[in-house]
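**Q** the amino acid sequence is not available; the structure is as follows:
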């Protein structure tokens with residue numbers, strides 16, 4: 001995904017920094033990671049407090065295949081709910097939830 005498009009998606013927060021990582025991109029605001037770009041999809045950070053809202057909105061949690069013994073590994077990143085993709089105000093809501101989860105994360 002183009003960095004300029006990513007920046008537009010996060011306009012409601014202000015400036016974001018985008019760094020290449022894990023074959024994708026990490027998206028940071030004020031030095032804290034709040035989202036990833038993986039295979040062209042933006043995944044927003046969630047935690048125990050915000051993950052239920054993502055689940056209820058139909059978002060998918062990012063799960064990748066770990067090492068042979070470990071099996072699937074669920075990560076604290078969720079897809080953007082479909083309804084938010086074409087609605088800037090709704091997208092801003094989900095971006096804000098991701099930012100709040102980033103602020104609550106351990107340093």
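**A** All right, it came through fine. Remember, it's a predicted structure, so these values are computed and weren't measured experimentally.
**Q** by mean pLDDT, point me to the weakest helix or strand of this structure.
**A** Within the chain, no helix or strand scores below strand 61-65, which has a mean of 90 by mean pLDDT, DSSP states H and E.
**Q** how far off centre is it?
**A** Here strand 61-65 shows a centroid-to-chain-centroid distance of 13 Å under the convention CA atoms, centre = their mean, to the nearest Å.
**Q** pLDDT of the helix or strand following that strand, averaged?
**A** Under the assignment DSSP states H and E, the closest C-terminal helix or strand after strand 61-65 is strand 72-79. Mean pLDDT, computed over strand 72-79, is 94.
**Q** what is the orientation angle of the lengthiest helix in the chain with strand 72-79?
**A** Using DSSP state H, we find that the single longest helix of the chain is helix 88-104. Helix 88-104 and strand 72-79 are oriented at 130 degrees to each other (axes from the mean of the first three to the mean of the last three CA atoms, to 10 degrees).
**Q** name the surrounding residues that touch helix 88-104.
**A** 9-10, 12-13, 29, 32-35, 44-47, 49-50, 53-54, 57, 76, 80-81, 83-85 (CB atoms under 8 Å, 6 or more residues apart in numbering). Any C-beta I mention is one placed from the backbone N, CA and C, and that applies to glycine too.
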